[in-house]
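**Q** would you be able to build a 3D model of this:
(one chain, ligands or ions: 1)
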Amino acid sequence: MSEQKTCAKCDEDTVIYREYEGRGLCQEHFSIDVNKTVKKTIRKNDMVNSGDTIAVGLSGGKDSAVMLQQLVEIFGDRPDIDIKAVAVHEGIDPYRNESIGAARELCEEMDVELHVGKYEDYYDLRMENVVDNLEKSNCTYCGIMRRDLLNKLSREVGADSIAIGHNLDDEAQAIMMNHIKGDMKRMARVSGGDQVDHQKFVKRIKPLKDMMEKEIALYSKIHDLGVIDRCPHVEEGSLRPMVKSFLNKLESQMPGIKHSIVSQGRDISTLVAENMEFNEKENQLRECERCGEPCSSKVCRKCQLLEEVEKAKED
Ligand code: SF4
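**A** The predicted structure follows:
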């Protein structure tokens with residue numbers, strides 16, 4: 001199919017041709033469309049209500065920067081909705097200093113308060129001091145701690161929800177990985193978006209979950225929104241990069257396949273969630289006997305991993 005050079009909505013040149021829709025859009029209409037998609041996702045999933053304080057998880061990267069910009073555009077003039085930003089410093093320099101600097105600049109531009117939490121202050125740990133001695137991959141430890149700290153920071157700023165920059169590609173990858181691993185518990189969570197029932201657990205919302213990663217990248221480029229270098233200690237495990245590359249190849253041969261996978265995955269997730277007895281119990285959390293944070297076992301995963309990190313420090 002030959003690419004359309006003129007926008008489907010006006011006479012301007014296109015900045016994107018969506019094969020899955022069979023149409024091209026100019027910069028202005030692409031930007032309008034992104035905003036419409038995000039609004040629709042928020043409305044359809046009942047993500048934001050009057051009186052809410054939303055904590056936006058910022059990394060300095062393109063997804064979270066676009067998410068903040070969109071939330072400010074959609075709710076910035078609403079006196080009944082408060083938007084705050086939260087960011088985590090893992091103790092990886094200069095990478096994280098630079099990205100927090102970018103996040104700070106963005107927040108100043110958008111007139112949004114930024115709250116930064118450091119692993120050093122909460123866990124007495126800098127990731128860069130332990131990365132070479134860990135038993136599991138760096139991101140296993142770091143990712144669990146970040147999730148824990150984002151939840152704590154969101155509570156500290158009085159948030160009703162935390163917005164995570166999870167996109168359609170992330171969701172398609174998660175669905176495929178759950179299938180491959182046969183992980184029904186995680187599959188059941190896809191449609192409910194990780195919601196669990198505990199007063200210390202801040203509800204997670206994903207306003208970009210219907211946006212493709214490459215479209216977020218294009219939008220961030222057009223609007224000059226935060227792009228940062230990759231963390232030097234990234235270790236994602238082997239399955240996700242393979243699934244990501246497989247899905248990208250599939251999408252190039254069969255445009256729209258990622259949308260189909262996500263749509264079917266959400267339907268399957270709803271069915272699994274309705275039919276699994278464990279679901280209600282799974283979503284009821286208790287408090288970790290060490291740190292008091294919500295978890296499903298006696299000691300939370302973060303405390304277990306911190307114990308491993310302490311051992312690694314001693315070795
Ligand atoms: Fe942490 Fe991995 Fe992210 Fe680096 S890439 S900040 S190690 S989770």
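
**Q** what element comes up after the helix or strand of the chain with the lowest mean pLDDT heading to the C-terminus?
**A** Least confident helix or strand, the chain: helix 278-282 with a mean of 54, by mean pLDDT, DSSP states H and E. Next along the chain after helix 278-282, taking DSSP states H and E as the criterion, comes strand 286-287.

**Q** that next one pairs with which strands, and in what direction?
**A** Take DSSP bridges as the rule and strand 286-287 pairs in its sheet with strand 294-295 (antiparallel).

**Q** who touches the partner strand?
**A** Residues from elsewhere that reach strand 294-295 (C-beta atoms under 8 Å, 6 or more residues apart in numbering): 151, 196, 198, 200, 201, 285, 286, 287, 288, 300, 301. C-beta here means a position set from N, CA and C on the backbone, and glycine is covered the same way.

**Q** ok, then the element right after it?
**A** Reading on from strand 294-295 to the C-terminus, the next helix or strand found by DSSP H and E is helix 301-314.

**Q** is any part of that next one close to the ligand?
**A** No: applying C-beta under 6 Å from any ligand atom, one finds helix 301-314 out of contact with the ligand, separated by at least 12.1 Å.

**Q** contacts for that helix?
**A** When contacts are defined by C-beta under 8 Å, 6+ apart, helix 301-314 is touched by residues 123, 125, 129-130, 133-136, 140-141, 144-145, 147-148, 288, 290-291, 293, 295.

**Q** number of nearby residues for the residue in the stretch 51-200 of the chain positioned nearest to the ligand?
**A** Residue nearest to the ligand within the stretch 51-200 of the chain (C-beta to the nearest ligand atom): residue 142, separated by 3.0 Å. By the criterion of other C-beta atoms under 10 Å, residue 142 has 25 neighbours.

**Q** residues contacting residue 114?
**A** Residue 114 touches 58, 84, 85, 86, 87, 103, 104, 107, counting by C-beta under 8 Å, 6+ apart.

**Q** could you redo the last one with a cut-off of 10 Å?
**A** With contacts defined as C-beta atoms under 10 Å, 6 or more residues apart in numbering, the neighbours of residue 114 are 56, 58, 68, 84-87, 100, 103-108, 157.

**Q** can you flag the buried ones in the residues you listed?
**A** Taking 16 or more other C-beta atoms under 10 Å as the criterion, what is buried in the contacts of residue 114 is 56, 58, 68, 84-87, 100, 103-104, 106-107, 157.

**Q** measure residue 172 to residue 250 for me?
**A** The gap separating residue 172 from residue 250 is 9 Å, by C-beta to C-beta, to the nearest Å.

**Q** give me the more crowded residue out of the two.
**A** residue 172 (25 against 16).

**Q** so which strand or helix has that one?
**A** helix 168-181.

**Q** quick one: mean pLDDT for whichever helix or strand comes after that helix?
**A** Next in sequence after helix 168-181, counting helices and strands by DSSP H and E, comes helix 184-190. Over the span of helix 184-190, the pLDDT mean works out to 84.

**Q** what separates whichever residue of the stretch 151-300 of the chain sits closest to the ligand from residue 121, distance-wise?
**A** Residue nearest to the ligand within the stretch 151-300 of the chain: residue 231 (3.1 Å; C-beta to the nearest ligand atom). As judged by C-beta to C-beta, residue 231 and residue 121 stand 20 Å apart.

**Q** what does residue 105 give?
**A** From residue 105 to residue 121 the distance is 23 Å (C-beta to C-beta).

**Q** ok, now which ones touch residue 161?
**A** With contact set as C-beta under 10 Å, 6+ apart, residue 161 has these partners: 47-49, 52-56, 154, 202-205.

**Q** now with 8 Å?
**A** Going by C-beta under 8 Å, 6+ apart, residue 161 touches 47, 48, 52, 54, 55, 154, 202, 203, 204, 205.

**Q** output these in TSV; the columns should cover distance to the ligand.
**A** Shown next, in TSV, are those (distance: C-beta to the nearest ligand atom, whole Å):
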residue	distance to the ligand
47	25
48	27
52	28
54	23
55	19
154	18
202	20
203	22
204	17
205	21
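
**Q** kindly state the beta-bridge partners for residue 53.
**A** Beta-bridge partners of residue 53, as defined by DSSP bridges: residue 82.

**Q** what sits closest to residue 160 if chain neighbours are left out?
**A** The shortest distance from residue 160 to any non-neighbouring residue, by C-beta to C-beta, 6 or more residues apart in numbering, is to residue 52 (4.5 Å).

**Q** so which bits of this structure are right by the ligand?
**A** When proximity is defined by C-beta under 6 Å from any ligand atom, the chain lies next to the ligand at 90, 92, 127, 138, 139, 142, 143, 231, 233, 234.
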